[in-house]
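A.B. asks: the sequence and its predicted three-dimensional model are supplied below.
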Amino acid sequence: MLVKTFGAAVAGIDAIPITIEVDISRGIRFFLVGLPDNAVKESQQRIESVFRVFGYTWPGRRIVINMAPADTRKEGSAYDLPLAIGVLAGDEQISADRIGDYLMMGELSLDGSLKPIRGALPIALCAKGNGFKGIILPRANAREASVVEGLDVYGAEDVGQVIGFLNGTLQLEPILFDLDSEFSDQASYHEMDLADVKGQESVKRALEVAAAGGHNMIMIGAPGSGKSMLAKRLATILPPMQLSEALETTKIHSVAGKMNGERALLTQRPFRSPHHTISSIALVGGGSFPQPGEISLAHNGVLFLDELPEFNRTVLEVLRQPLEDREITISRARVSLKYPASFMLVASMNPCPCGYYNHPEKECTCAPGMVQKYLSRISGPLLDRIDIHIEVVPVPFEKLASSPQAEKSEDVRARVIKARELQSKRFKEHLSVHCNAQMSSKLLRRYAVPDSAGAAILRNAMEKLGLSARAYDRILKLSRTIADLEGSENIHAHHVAEAVQYRSLDRSGWAG
């Protein structure tokens, strides 16, 4: 008897439907075709063990299973469930009447229980897009898949529940998820607050400008000056994620296996902080079985690189293209995948190997030329893609000991949201541009033209401070953002003057 069950294969952050055709006829051999990997081929042993546990028998006949489309590689153990159901239905041990209505995925344990899988959300979206009535998944993944509206999502503990449901002898209740209420309740919640940081008002202002315009940022300062503490609080002043952003971010984390049964939807912007020993593949994604890297896991959020010069230079260089294109293409001999990577890069570094160059109290012990050599570990093209360079000075004891009421993150975020709303209206005709940091040269000439006084300040800065030509566009983008924070349509002299202050590393003689 020929029957068909349905699964899905994850490619990038999307899923495509897989038709599993099971034909059982006279003979004794078993064939599994359709480009399965070893994990899929090993499913026969797991399925046979499960059949014995639940009182079913492996058919003593010729079994041919084709996984179509046959030119798409099938990877992982998540196909165990549809393969097992297909064999039972093909041997007429269970009813085949309802199996075509549902897409099903799940890894089998030897006792028949269903273990969680990766990519539940994109698989559920695939099921809805291809007209399935519902989807059957391990219970640990059901809450995540229930985010998709208009699709019945059933979570099962073991194969017995799936068989009973398909035979009509057991009623499984679809998992319900109140998307709007849960999204609105958690989107603005943060454990940390910018008010926790004492002093550092100039750096807090730089963080506000960076958040308002989506600008990349690097902080240079002595050890213990608060760089990491400030960076971790950047996410608290970014605008709350829109529902579309939350769904896309959740898809990436689902494919990477970062979701758990408790979280159904990522409602807060991600903050990723990889160690400086990270490899290029772990940072941008890839591998023998391509997976999203840290830059994709930070999509719609913040990627924080602490102690930037300590990263391998070849690792840092792979960031150049994703910072411009806001996506990464992983190309292999048999497959080419695209992962989104629209993130804010925030980096920190010591000014020199000992960490005390330009320190107000401690003396730098580095040899002559070491400061410039240390800075040169970061290439010019990478620094060119970082809009804000700011020095972080240690907070004196008087400010640490005092306890004045600092501005809370929610107050700063309110100003950031207003600035982003202005940018959304400005760029509504440009679908690929969402904030000032993404403006092209053409858009700069249209939206970021300073008045005569501002142009004069910019000209003087270029000439007298030794600013590089590459800083010109960055200053204009920052000026536009600073003006947006004030609600000003035009860019004035004080906007440009503040923007110039955020280009520390472009000044001639900064490092000797």
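C.D. replies: Happy to help now that I have it.
A.B. asks: straight-line length of stretch 6-22, end to end?
C.D. replies: The first and last residues of stretch 6-22 sit 11 Å apart, counting by Cα to Cα, to the nearest Å.
A.B. asks: which positions in the helix or strand where Gln321 lies come out as buried?
C.D. replies: Assessed by DSSP states H and E, Gln321 sits inside helix 320-325. Using 16 or more other Cβ atoms under 10 Å as the test for burial, helix 320-325 gives Pro322, Leu323. Glycine gets a C-beta too; all of them are placed from N, C-alpha and C.
A.B. asks: ok, stretch 434-448 next?
C.D. replies: Buried, per 16+ other Cβ under 10 Å, within stretch 434-448: Cys435, Asn436, Ala437, Gln438, Met439, Leu443, Leu444, Tyr447, Ala448.
A.B. asks: just stretch 493-509 next, same as before
C.D. replies: By neighbour count on 16+ other Cβ under 10 Å, the buried set for stretch 493-509 is 493-503, 505-507.
A.B. asks: tell me the one of the buried residues of stretch 434-448 nearest Ile218?
C.D. replies: Ala437 (14.0 Å; Cβ to Cβ).
A.B. asks: and that closest one, that's in a helix?
C.D. replies: Yes. If the criterion is DSSP: H, G, I helix; E, B strand; the rest coil, then Ala437 is within a helix.
A.B. asks: using CSV, list the CA coordinates for the helix with the most length in the chain.
C.D. replies: The longest helix of the chain (DSSP state H) is helix 409-426. The C-alpha coordinates for helix 409-426 follow below in CSV (Å, rounded to 0.1, in the frame of the first residue of the first chain):
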residue,chain,number,x,y,z
SER,A,409,16.2,53.8,30.6
GLU,A,410,12.4,54.2,29.9
ASP,A,411,12.9,58.0,29.8
VAL,A,412,15.7,57.8,27.3
ARG,A,413,13.9,55.1,25.3
ALA,A,414,10.9,57.5,24.9
ARG,A,415,13.1,60.0,23.1
VAL,A,416,14.7,57.3,21.0
ILE,A,417,11.3,56.1,19.9
LYS,A,418,10.2,59.6,18.9
ALA,A,419,13.4,59.9,16.8
ARG,A,420,12.8,56.5,15.2
GLU,A,421,9.3,57.5,14.3
LEU,A,422,10.6,60.6,12.4
GLN,A,423,13.0,58.3,10.5
SER,A,424,10.2,55.9,9.6
LYS,A,425,8.2,58.6,8.1
ARG,A,426,11.3,60.0,6.3
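A.B. asks: ok so, going back, any chance of CSV for the buried residues of stretch 493-509, columns distance to Val255 and secondary structure?
C.D. replies: Below are the buried residues of stretch 493-509 laid out as CSV (distance: Cβ to Cβ, whole Å; DSSP: H, G, I helix; E, B strand; the rest coil):
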residue, distance to Val255, secondary structure
Ala493, 48, helix
His494, 46, helix
His495, 42, helix
Val496, 43, helix
Ala497, 46, helix
Glu498, 41, helix
Ala499, 39, helix
Val500, 42, helix
Gln501, 41, helix
Tyr502, 36, coil
Arg503, 38, strand
Leu505, 36, helix
Asp506, 39, helix
Arg507, 43, coil
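A.B. asks: re the thing from before, avg pLDDT for the next helix or strand after the longest helix of the chain?
C.D. replies: Downstream of helix 409-426, the first helix or strand assigned by DSSP H and E is helix 441-447. In this model, helix 441-447 carries a mean pLDDT of 89.
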